[in-house]
Structures are given as C-alpha cells and as structure tokens.
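*Asks:* mind folding the following:
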Amino acid sequence: MVAAFRQGLQESGYVEGQNVAIEYRWAEGQSDRLPVMVDDLIHRQVAVIAATSTPAALAAKAATKTIPIVFEMGGDPIKLGLVASLNRPGGNVTGVTNLTTGLVAKEMEVLHELLPTAKTVALLVNPADPSNAEEQIRETTSAAQMLGLELHVLKASTEEQLDAVFANFGQLRAGGVVVGGEAFFRTHMGQLAALALRHAVPVISNGREFAAAGGLMSYGASIPNSYRLAGVYTGRVLKGDKPADLPVQQATKIELYINLRTARALGIAVPLPLSGRADEVIE
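*Replies:* Sure thing, here's the model as predicted:
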C-alpha cells in the first residue's frame, strides 16, 4: 500500500527523499492513538495529512480545519460528515473511497452462490471502526434476510481476537465468513487467509491480496489503486490544489478473484458460471 501511495506521489512529480518527506504514523489498529498522532503531525506543521482509514480521517478532520486532508477508505464520506458532497467536498478534506459498505452485501451474494446449501453465514467487522461496522452490519443483515440466511456478527480489532474468532468458528455451524472492508483487515490479509485455511473456513474478503495470500475469494475494488490515487491527490495538494476543488474519487472497477487451490483444499466445487465471471482464477 505504501509503495502504491508513493507511486501516486511520483505521478504528481514528488519522490520521497528527493523533493518530499513523509512522516509515517502507524496506529496498529488502535484507533484511540490517532488523536495524539494527528496532534503531533499538526505540531510538526506538515503540508498535508494522508489518512488511510475511516478512523484516521475522522480524527484528522476533528483536529484541523486548515491543514489539507486526503483520505483513502471504504466508508461513505458524506454520511460520515467528512465532505459536503462527492463533487464539491468543501472544507479541507477530499480523497478516495471504495464504498466497501455497499459491496459487503454483494460479497454475501457471491458466497451464497458458491455455497448454496449453507443456511447460516457470518460477517466479520472491526468494532474499533464503529461507523463502518454499523453500516456493514445493516447492509449485510438486509442481504441475509433476502437470501433467507441466518447471520452471525463476529468482531475483531486485534490479532489475538482474529485468532479467537476462527478458533471458535466451528461452534457457530456457519457455512462461511464475509470479511467487512476495513483498514485493519487489509493489513492482516495474510493472517486471515492462513487462519481460514487452518480452520477450514470458507472466507470472502475484498482485494486481490486476500486471494493471492491463499484466501478463498476476493471481491471488491483494487485497494493498491486506491492508495495510488490518494498519492496522486496528495501530490496535487502539495502543488497548490485545494481539497475543496478536488472531487472525491470512487472505485469504478469491481474485481472477483477465486483461489482454486484453496477451494480444493476446502472440498468446494466452484460453479462454472462463478469461475467464468472471475477476473482471475488462481490455480
């Protein structure tokens, strides 16, 4: 993700270590640390804050109305109060959104297509990102009702909690898991894929990286491309463009990836219509 962000910066004419310096801050999934980190960056008088999660964007907006903020996230920036509208953000905030809350219901439909006999499914959300989690729960609950499925909501915001979720999954008697789009899960795709395989749990997440790491299926926008676009916007702000004049960019291409090796390991036969729609089938 960092490499993709740097690529976007370079497309705008900025190369780290040559004509721009980047102050990195990692909250490591602990959103309560974000306000202190933002205050430190403000004290350092940075030229722009790139906030790559919903909690980070909200913390930055709450802390400053003058320093430009460029976000990359999956939530709806209008509902979250980050921007006035997508075309005319207003204020000091703009960025890139994948609107993953709108895709999580579709992820459930794809999982149901793969596992049509499953009567119960689970949704995994991050309680440390409550606005995003609540929206995903609402959308997934509605989708589950339409499909006649029982839904369990699972929560994890640390590596230990992820381990516990999968270790106890068998008690739910659920057919599979839909992973909500969220920054913490993006940075733990390898762990998610490994846990899913170890406990023989069919899982669908967003972003090709999950399927490439051994996850069963991925459905959603390209997350690295979103980081690249955020880098481009950050460069444009550095050149003098105002966030208020930069429309919020939205994901335009949704991709489906299926890992057939993992499907075989789980004893799942992928229907031909589903594999035929995939952007990539990983053998």
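*Asks:* okay, now the domains of the protein?
*Replies:* 2-98+223-250, 101-220+254-282 (automatic domain parsing).
*Asks:* let's have the ones you listed in CSV, adding mean pLDDT.
*Replies:* CSV is the format used below for the domains of the chain (pLDDT from 0 to 100):
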stretch, mean pLDDT
domain 2-98+223-250, 95
domain 101-220+254-282, 92
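*Asks:* can you redo these as CSV with mean neighbour count?
*Replies:* Where C-beta positions appear, they are placed from N, C-alpha and C, glycine not excepted. Conversion of the domains of the chain to CSV gives the following (neighbours: other C-beta atoms under 10 Å):
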stretch, mean neighbour count
domain 2-98+223-250, 18
domain 101-220+254-282, 19
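*Asks:* name the SS class of residue 70, please.
*Replies:* Under the three-state scheme (DSSP: H, G, I helix; E, B strand; the rest coil), residue 70 adopts strand.
*Asks:* hang on, it packs against residue 243?
*Replies:* Yes: contact between residue 70 and residue 243 holds when scored by C-beta atoms under 8 Å: they sit 7.1 Å apart.
*Asks:* show me where this protein has strands.
*Replies:* Counting by DSSP state E, the chain has strands at residues 49-51, 69-73, 93-97, 120-125, 150-155, 176-179, 203-205, 217-220, 249-250, 255-259, 280-282.
*Asks:* and residue 205, what does it touch?
*Replies:* Counting by C-beta atoms under 8 Å, 6 or more residues apart in numbering, residue 205 touches 107, 178, 179, 185, 189, 192, 215, 217, 218, 219, 220.
*Asks:* so the second one versus residue 223, what's the distance?
*Replies:* It stands for residue 178. Between residue 178 and residue 223 the distance, using C-beta to C-beta, to the nearest Å, works out to 17 Å.
*Asks:* now swap in the third one and tell me
*Replies:* Applying C-beta to C-beta, one obtains 13 Å for the distance of residue 179 from residue 223.
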